[in-house]
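A.B. asks: please work out how this folds:
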Amino acid sequence: MSHTPEYEKLLVELNAGELPVIERKILEVLCQAPKGLTRRGLVRIVFGQEAHTNLGNDTKDRKIRKAIENLRNRGIPILSNSGKAGYKLDTDPENIECMVRELKSRIIHLQQRVDAISFYYELFIRVPDANRSDE
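C.D. replies: Next up, the predicted model:
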């Protein structure tokens, strides 16, 4: 999958040393906010600026999400759920189990999608292409 030039620039900035700084700030902030913070709140506190009206186009918000993804991949229990906006650092075993169940459910649904697309590919693309090359 290709990335936009803006996203590529963001990745370069994060890989140039910005990511660990953002991660540390996020952990510090979430440790002091037991009820969690919204994405906008994290942008405001971590970067000292308000987020854009459209969070989807805000590079600072994207950096926050990349840092949280990185922290989660290292086992830091930063939880979020579909019902509430934002993130919180949570060591409650019940809440962690809930997040694990949600992630496993996503895996199952993604695998079903992969299987369906693979079936389509085999049936309508690969097999006809193989028959054409035999001609």
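A.B. asks: would you agree residue 88 falls within a strand?
C.D. replies: Yes - assessed with DSSP: H, G, I helix; E, B strand; the rest coil, residue 88 lies in a strand.
A.B. asks: tell me the bridge partners for it.
C.D. replies: With DSSP bridges as the criterion, residue 88 is bridged to residue 79.
A.B. asks: burial count for it?
C.D. replies: Residues lying near residue 88 (other Cβ atoms under 10 Å) number 18. Using the backbone N, CA and C atoms, a C-beta is placed for each residue, glycine as well.
A.B. asks: thought it was touching residue 32?
C.D. replies: No - under the criterion of Cβ atoms under 8 Å, residue 88 is not in contact with residue 32, lying 11.2 Å apart.
A.B. asks: next one, pLDDT for the spatially most central residue of the chain please.
C.D. replies: Nearest to the geometric centre of the chain sits residue 69, at 5.2 Å (Cα atoms, centre = their mean). pLDDT recorded at residue 69 is 94.
A.B. asks: any figure for the gap between it and residue 87?
C.D. replies: 11 Å (Cβ to Cβ, to the nearest Å).
A.B. asks: and what of residue 120?
C.D. replies: From residue 120 to residue 87 the distance is 36 Å (Cβ to Cβ).
A.B. asks: show me how far the helix or strand where residue 98 lies is from its chain's centre.
C.D. replies: Counting by DSSP states H and E, the element that carries residue 98 is helix 93-120. With Cα atoms, centre = their mean, to the nearest Å as the basis, helix 93-120 stands 14 Å off its chain's centre.
A.B. asks: now it: buried residues?
C.D. replies: By neighbour count on 16 or more other Cβ atoms under 10 Å, the buried set for helix 93-120 is residue 99.
A.B. asks: whichever strand or helix holds residue 27 - contacts with which helices or strands?
C.D. replies: Element membership for residue 27 (DSSP H and E) is helix 19-31. Packed against helix 19-31, as judged by 3 or more Cβ pairs under 8 Å, 6 or more residues apart in numbering; DSSP states H and E, are the following elements: helix 39-47, helix 59-73, strand 84-89.
A.B. asks: redo that, cut-off 6 Å
C.D. replies: In terms of contacts (3 or more Cβ pairs under 6 Å, 6 or more residues apart in numbering; DSSP states H and E), helix 19-31 is packed against helix 59-73.
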